[in-house]
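Asks: what follows is a predicted protein model with its sequence.
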Amino acid sequence: MTVVKSTIPESARQVTGDALQSTLVDLLGLSLIGKQVHWNIVGPRFRSIHLQLDEVVTSARDFADTVAERSSALGIPADGRPETVASQFTLPGPKDGWVRDTDAVKLMVEALETAITRLRERIKATDEPDPVTQDLLISITAELEKQRWMFDAENWPRED
């Protein structure tokens, strides 16, 4: 059943819909990772990382809403159901229990890097089919790269 008529051709709609749906899953999952770590972080940098995690969660949730609404505007129902996110989510996540501050930073850098890499693939995929969605994905990538940089700066000086 199509409730909303799309303004783009069907082939473009399919590519765009796939990009938006997978981005939605990554963003919802990223917000869950951030909250899980936020609740369980321990260590001397607890407060600063605890607050920074809230920034990531807020950004991810806001972007998830924007992505879902973009999908709906194109006549593609967004699927953010828990079972969908659980079955499709593949970003690295925390183990259960307490999370040491140094491990939290490494995890967030890795999760954000993975999400950014996928977003860059979706940016390429949506170049021709839907530049409007591409622009949205570029904006999300810029914010996640900023968040990744801030977490990565916590790793300094590096041992590598």
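Replies: Structure's in. What do you need?

Asks: contacts and neighbour counts: CA atoms only from here.
Replies: Noted.

Asks: can you tell me the closest non-neighbouring residue to the most centrally placed residue in the chain?
Replies: With distances taken as CA atoms, centre = their mean, residue 27 lies nearest the centre of the chain, 2.9 Å away. Distance criterion CA to CA, 6 or more residues apart in numbering; nearest residue to residue 27, sequence neighbours excluded, is residue 60 at 5.1 Å.

Asks: I figured the one you found hits residue 32, correct?
Replies: No. Contact between residue 60 and residue 32 fails when scored by CA atoms under 8 Å: they sit 9.3 Å apart.

Asks: out of those two, which sits in the more crowded spot?
Replies: Neighbour tally, residue 60 and residue 32, criterion other CA atoms under 10 Å: the higher count belongs to residue 60, 24 against 16.

Asks: quick one: residues contacting the more buried one.
Replies: 27, 28, 30, 31 (CA atoms under 8 Å, 6 or more residues apart in numbering).

Asks: over to residue 127?
Replies: Counting by CA under 8 Å, 6+ apart, residue 127 has contacts residue 134.
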